[in-house]
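Asks: pasting the sequence and the predicted model now:
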Amino acid sequence: MPIRRRSYSRSSDGKSEPTSYSRTLKFVSTNRLRFAPAPTGSLHIGSARTALFNWLYARHTEGELVLRIEDTNAELARPELIDNIHRSLEWLQIDFDGEPVRQSERTDLYNDAVEQWLADGLAYVDDGAVRFRVPNEGTTSWEDAVRGNVVFENRHIEDFVVRRSDGSATFFTANAVDDLDLEITHVVRGEDLVNVTPKVIMLRQALGATDVPEFAHLPLIVNEQRKKLSKRRDDVALENYRDRGVLATAMINYLALLGWGPPDDIEIRPVEEIIELFELDDVNPSSAMFDAKKLEAINGEYLRAMNPQDFTQALQPWIEDQPWSDMVDPTRLAKVAPLVQERTRVLSEAPPQLDFFFMESPEIDHDAWEKIMLKEEAALILESVHKVFVDTDWEVDVLHDALRTIGESHQMKLGKAQAPVRVAVTGRSVGPPLFESMHALGRETVLARIAVARQMLADAQK
């Protein structure tokens, strides 16, 4: 339905009448939403979820989404803080309609509104700051898409500041003015702002609006202890997960599940399907727990679904950060990267599993050496392997069968027989598939590493 807007003010007898702040009568048929972050540092997981839900609903309804930077405080107008918001949102693949709106550039609008409230007797000056006069009686209410009917008794709301003594507009003023001026039809934000809403509605009405946007106050995001996520206690910066190697598509998928669930209960799905299914009415008002392990599990699903070439390409920035990156042969990387694809949850986990492919000699894990290589059978296995691997066909299946036969000759199952070989060749007791790894390394390298390990064992016995 088109939303009809007309300006009015409250007269002394409580009736509505036009004001000088009047806007032209408008009919709005397109849903318009906004994401309004304050640039205080890294984008918070909760803010990212809010941005995503606004974006999903805007795209679901073929509406518009506005980015509004709440930087009325001069300290928050620093370019590096605002750039951080843009980088995070771009990584999350959230796009906006039109140019970003910055509240620091709209101070005249806020001052006009405050002066009108003063002229209409709806506000007064108190110790250098302007306060809005809250009615002593009645209620302020709205129908919330998530929480149903929400009602506040006006007598419990104090006269609140709308302009500070330094002349700057408060959060309430900027919100009310901007949402009306930008023709916002839906306000989707966190439940921690529920108490703000009656004040904004009052200011909106005092600006002449006869309607309110549809509000949807999203549930809190809590940690495993069911406490609200905190910058002081929890890892809440979106960029930290990006830097660990979470894919943007996986993060979108997971954030969408924090308070919303698809009607068919299929959690992992393309963003296009999430957009198609997303409804504000389906958001659950109960707190949503942020589970980093579940996020990594979902990310692992996305990584495993990539073709090998795309996985190798996605891995490239993390490889470039390694001290051995200058020894990386692109051809070999393309061959061995898929060996760790199945066991990688975040991209930063992959390089430590791949280093032995590119280093001249592997870094030996001390615990693995002590646990596996100091057993008597380790030297026997390595001796037999070195003899057999000298002239056997260098194919994965052949290597597998040869080591299994060696193990049987020593009354050992394959899993136990391959343990000392793995430590000798890779430096650790766990890692990518052993036979595929040896095939990629080549006969000469494998035999050289086994020879080094045998010599180390001989030296230890002496």
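Replies: In hand now; what should we look at?
Asks: and the top helix by length along the chain, what does it pack against?
Replies: The longest helix of the chain (DSSP state H) is helix 443-461. Of the remaining helices and strands, those touching helix 443-461 by 3 or more Cβ pairs under 8 Å, 6 or more residues apart in numbering; DSSP states H and E are helix 376-389, helix 414-426. C-beta coordinates here come from the backbone N, C-alpha and C atoms, glycine included.
Asks: show me how far the longest one is from its chain's centre.
Replies: In other words, helix 376-389. Average the C-alpha atoms of helix 376-389, do the same for its chain, and the two points are 49 Å apart (Cα atoms, centre = their mean, to the nearest Å).
Asks: what angle do the helix or strand just after it and helix 414-426 make?
Replies: Downstream of helix 376-389, the first helix or strand assigned by DSSP states H and E is helix 396-409. Counting by axes from the mean of the first three to the mean of the last three Cα atoms, to 10 degrees, helix 396-409 lies at 120 degrees to helix 414-426.
Asks: mean confidence score for helix 396-409?
Replies: Helix 396-409 shows an average pLDDT of 97 in the prediction.
Asks: so what secondary structure elements neighbour that helix?
Replies: Based on contacts counted as 3+ Cβ pairs under 8 Å, 6+ apart, the elements that helix 396-409 packs against are helix 376-389, helix 414-426, helix 434-441.
Asks: which residue ranges of the stretch 1-150 of the chain form strands?
Replies: If DSSP state E, counting those that start in this stretch is used as the criterion, the strands of the stretch 1-150 of the chain fall at 3-5, 9-10, 16-17, 26-28, 32-35, 64-69, 101-102, 123-126, 129-132, 139-144, 148-153.
Asks: please identify the deepest-packed of these.
Replies: Stretch with highest mean neighbour count among the strands of the stretch 1-150 of the chain: strand 32-35 (a mean of 24; mean count of other Cβ atoms under 10 Å).
Asks: give me the residues contacting that one.
Replies: By Cβ atoms under 8 Å, 6 or more residues apart in numbering, the surrounding residues in contact with strand 32-35 are 50-51, 54-55, 57-58, 63-68, 94, 96, 178-179, 182-188.
Asks: do you have the helices of the stretch 1-150 of the chain handy? List them.
Replies: Using DSSP state H, counting those that start in this stretch, the helices assigned to the stretch 1-150 of the chain run over residues 45-60, 79-91, 107-119.
Asks: phi and psi next, for residue 190.
Replies: Residue 190 adopts backbone torsions of phi -70, psi 160, taken as degrees, to the nearest 10.
Asks: in space, what's closest to it - neighbours in sequence excluded?
Replies: Excluding its sequence neighbours, the residue lying closest to residue 190 (Cβ to Cβ, 6 or more residues apart in numbering) is residue 218, at 5.4 Å.
Asks: wait, that neighbour sits on residue 193?
Replies: No: counting by Cβ atoms under 8 Å, residue 218 does not reach residue 193; the two are 9.6 Å apart.
Asks: give me the more crowded residue out of these two.
Replies: For residue 218 and residue 193, the more surrounded residue by other Cβ atoms under 10 Å is residue 218, and the numbers stand at 27 against 16.
Asks: what sits against the more buried one?
Replies: If a contact means Cβ under 8 Å, 6+ apart, then residue 218 has 49-50, 53, 146, 188-191, 259, 283 as its contacts.
Asks: which among the residues you listed gets closest to residue 72?
Replies: Using Cβ to Cβ, residue 189 is the member of the contacts of residue 218 that sits closest to residue 72, with 17.2 Å.
Asks: burial measure for the closest one, as a count.
Replies: The local packing of residue 189 (other Cβ under 10 Å) involves 22 other residues.
Asks: over to the one 3 residues further on?
Replies: In terms of burial, residue 192 registers 12 neighbours under the definition other Cβ under 10 Å.
Asks: ok, back up a step: now render the strands of the stretch 1-150 of the chain as a markdown table, adding distance to residue 397 and mean pLDDT.
Replies: What follows is those, written out as a markdown table (distance: least, Cβ to Cβ, whole Å; pLDDT from 0 to 100):
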| stretch | distance to residue 397 | mean pLDDT |
| --- | --- | --- |
| strand 3-5 | 69 | 29 |
| strand 9-10 | 84 | 33 |
| strand 16-17 | 84 | 36 |
| strand 26-28 | 67 | 48 |
| strand 32-35 | 55 | 98 |
| strand 64-69 | 55 | 97 |
| strand 101-102 | 63 | 95 |
| strand 123-126 | 83 | 97 |
| strand 129-132 | 79 | 97 |
| strand 139-144 | 63 | 97 |
| strand 148-153 | 64 | 98 |
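Asks: show the pLDDT at the residue lying closest to residue 70 once chain neighbours are set aside.
Replies: Computed as Cβ to Cβ, 6+ apart, the closest residue to residue 70 that is not its neighbour in sequence is residue 38, at 4.4 Å. The predicted local distance difference test score for residue 38 is 91.
Asks: in this structure, which helix or strand is least confident?
Replies: Among the helices and strands of the chain, strand 3-5 carries the lowest confidence by mean pLDDT, DSSP states H and E, at a mean of 29.
Asks: can you report phi and psi for the nearest residue to residue 290 once chain neighbours are set aside?
Replies: By the measure of Cβ to Cβ, 6+ apart, the closest residue to residue 290 outside its immediate chain neighbours is residue 221, 5.1 Å from it. The phi/psi pair for residue 221 (degrees, to the nearest 10) reads phi -100, psi 130.
Asks: among the helices and strands packed on helix 396-409, which comes closest to residue 337?
Replies: Scanning the helices and strands packed on helix 396-409 with Cβ to Cβ as the criterion, the closest one proves to be helix 434-441, at 10.3 Å.
Asks: residue 198 is nearest to which of the helices of the stretch 1-150 of the chain?
Replies: The minimum distance between residue 198 and these falls on helix 107-119, with 16.3 Å, by Cβ to Cβ.
Asks: roughly how far out does the closest one sit from the chain middle?
Replies: Shown here is helix 107-119, whose average C-alpha point lies 38 Å from the average C-alpha point of the whole chain (Cα atoms, centre = their mean).
Asks: likewise stretch 400-412?
Replies: The gap between where stretch 400-412 is centred and where its chain is centred comes out at 48 Å by Cα atoms, centre = their mean.
Asks: ok, now stretch 267-286?
Replies: The gap between the average C-alpha position of stretch 267-286 and the chain average comes to 16 Å, counting by Cα atoms, centre = their mean.
Asks: fine, thanks again, bye for now.
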